[in-house]
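[1] sharing a model prediction with you, sequence too.
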Number of protein chains: 2
Amino acid sequence: MPKQVDHAARRQEIAHAALRLCARDGLAGVTIGQVAQEAGVSKGLVQHYFAGKADLLRASAHVLREEIERHVGEAVQDARGPADTLRRVLLAIVGLGVTAVVPLLAGHAFLSRAVADPEIRDLYRAGGDAVHRAIAALLAASDPAPDVDPGTEAHALLGLARGLADGVLLGELGVDDAGAIVDHHLRRILPGVPTGSGSPSSQPPE
Amino acid sequence: MPKQVDHAARRQEIAHAALRLCARDGLAGVTIGQVAQEAGVSKGLVQHYFAGKADLLRASAHVLREEIERHVGEAVQDARGPADTLRRVLLAIVGLGVTAVVPLLAGHAFLSRAVADPEIRDLYRAGGDAVHRAIAALLAASDPAPDVDPGTEAHALLGLARGLADGVLLGELGVDDAGAIVDHHLRRILPGVPTGSGSPSSQPPE
DNA sequence: CCGTTGGCAGTACGATCGTATTGTATTGAT
DNA sequence: ATCAATACAATACGATCGTACTGCCAACGG
């Protein structure tokens, strides 16, 4: 047996390099050679770990999803109750516009590829549905206003967060502004919770 | 003098072909040759009308913006008052997910290019700001609830509409669902206006 | 201790890209 | 009628792409 390396880890490293390139130059800038250079390995090695460019792109899309889920998951880590969790999830999505520009940008780039690639499209759908279900469940557990339908409101919340993230990404508004909008919206549909104190996106006044 | 043709019109035709390709195959699928084939002209003609690929892409981005503005403009055409206009604008943006998939998809593809190309980035910023200002003005003229700040609420509205458009594009929800969400949101901040009757996106019951 | 297996780099090759160049047809002014 | 300018097509060319192929080195099993 030869030297053993962590196959999955190597694939992740290379996929990460691909995502970085994707965010920097767009999907068109993602070539095998560029990816190899960005990852600091040889072109041949990329071939060794990926069957082809399509395989690399698919793996990158998966890594991309995991990356975003990790970001959101970290933000939720020490939440106090479902309402706070919901708030943190939405703020995390909005915050992607600054804290995770690479995944967000790469996500947009891949969106145009989701048209041609059914697997990536399904990945998007599955990811979106999962977030939607999670938000709806969180919403239902936060004793919302009586006229709020969790499923519908979850779509509104998710849409709002995604749209605001894009706005932040383009520099149209700041993260704080977007966060305030989310909080304002949440306060309307969650009458019971207090005004969102202890913002998780900025450190408290110590 | 040689045969005279409408230079601008020819450029628009070719740019439109580029946008169609962009929506179908993503930005990576937009090559001079493919664009020429899609437009039904020779590769040399594309060169004749565009200084290079970058020029073609820039022009396509401009055409893309005009296309979206045209779509929204048509939806607003026979609106009754600022509140109705605002509603139609938002529904038009949301409706892009089905009625103008090509511009919307192409827009996403170009977004990743806006990172590398300052001109396209400025185009995005300018377009977003213009829509934001328009929405804020419409909002202020619709006698909103007293606790509504037009500028902030415009960001929320625009974000919501954009996010919902993406959701519609990905098939997460239908246009009608998204439209209902927009209406619901509008009803909350515009207490004076009646429930949005006469949906402009679907024909009335005759 | 050695051979086989897999990590890894380098090169080769056909296809395709963007662009430069050349050629031809057409039209309007002289 | 002729000339010049332009629309348009076709080809050529260098660069780069993705992929295939070859070779070397390291390390575990026997």
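    Perfect, I can see it now. Residues are numbered from 1 along each chain as shown, chains lettered A, B, ... in the order given.

[2] okay, now the unreliable bits of chain A?
    A:1-2, A:115-116, A:193-206 (pLDDT under 70).

[3] and the residue of it found nearest DNA strand C, how far is that from DNA strand D?
    With C-beta to the nearest atom of the strand, the shortest gap between chain A and DNA strand C falls at A:Gly44, namely 2.7 Å. For every residue, glycine as well, the C-beta is placed using N, CA and C. A:Gly44 is 5 Å from DNA strand D, where distance means C-beta to the nearest atom of the strand, to the nearest Å.

[4] go on, A:Phe110?
    For A:Phe110, the distance to DNA strand D - C-beta to the nearest atom of the strand - is 15 Å.

[5] nearest residue to that residue other than its sequence neighbours?
    With C-beta to C-beta, 6 or more residues apart in numbering or on different chains as the criterion, A:Phe110 has its nearest non-adjacent residue at 5.4 Å, and that residue is A:Ala61.

[6] picking that back up, before we move on, which element is the residue of chain A closest to DNA strand C in?
    Assessed by DSSP states H and E, A:Gly44 sits inside helix A:43-49.

[7] now for that helix, which elements pack on it?
    The contact analysis (3 or more C-beta pairs under 8 Å, 6 or more residues apart in numbering or on different chains; DSSP states H and E) places helix A:43-49 against helix A:7-25, helix A:32-39.

[8] got a list of contacts for the last one?
    Where contact means C-beta atoms under 8 Å, 6 or more residues apart in numbering or on different chains, the residues beyond helix A:32-39 that reach it are A:13-14, A:16-18, A:20-21, A:25, A:42-43, A:45-47, A:53, A:56.

[9] 7 Å instead, please
    A:13-14, A:17-18, A:20-21, A:42-43, A:45-46, A:53, A:56 (C-beta atoms under 7 Å, 6 or more residues apart in numbering or on different chains).

[10] closest one to A:Pro191 out of the residues you listed, please.
    Nearest to A:Pro191 out of these is A:Arg20 (C-beta to C-beta; 43.4 Å).

[11] contacting residues for the closest one?
    Going by C-beta under 7 Å, 6+ apart, A:Arg20 touches A:38, A:102.

[12] about what we covered before: hmm, the helix or strand following the helix holding A:Gly44 touching DNA strand D?
    Downstream of helix A:43-49, the next assigned helix or strand under DSSP H and E is helix A:53-76. Yes - counting by C-beta under 7 Å from any atom of the strand, DNA strand D has neighbours in helix A:53-76: A:53-54.

[13] report the angle between the axes of helix A:53-76 and helix A:32-39?
    In terms of direction (axes from the mean of the first three to the mean of the last three C-alpha atoms, to 10 degrees), helix A:53-76 departs from helix A:32-39 by 40 degrees.

[14] so what does helix A:53-76 touch, helix or strand wise?
    Other helices and strands packing on helix A:53-76, by 3 or more C-beta pairs under 7 Å, 6 or more residues apart in numbering or on different chains; DSSP states H and E, are helix A:7-25, helix A:81-99, helix A:101-113, helix A:118-140.

[15] of these, which stretch is the most buried?
    helix A:101-113 (a mean of 24; mean count of other C-beta atoms under 10 Å in any protein chain shown).

[16] re earlier: list the buried ones in the helix holding A:Gly44?
    Within helix A:43-49, the residues scored as buried using 16 or more other C-beta atoms under 10 Å in any protein chain shown are A:46, A:49.

[17] for A:Arg121, which non-adjacent residue is spatially closest?
    Nearest non-adjacent residue to A:Arg121 (C-beta to C-beta, 6+ apart): A:Ala114, at 4.1 Å.
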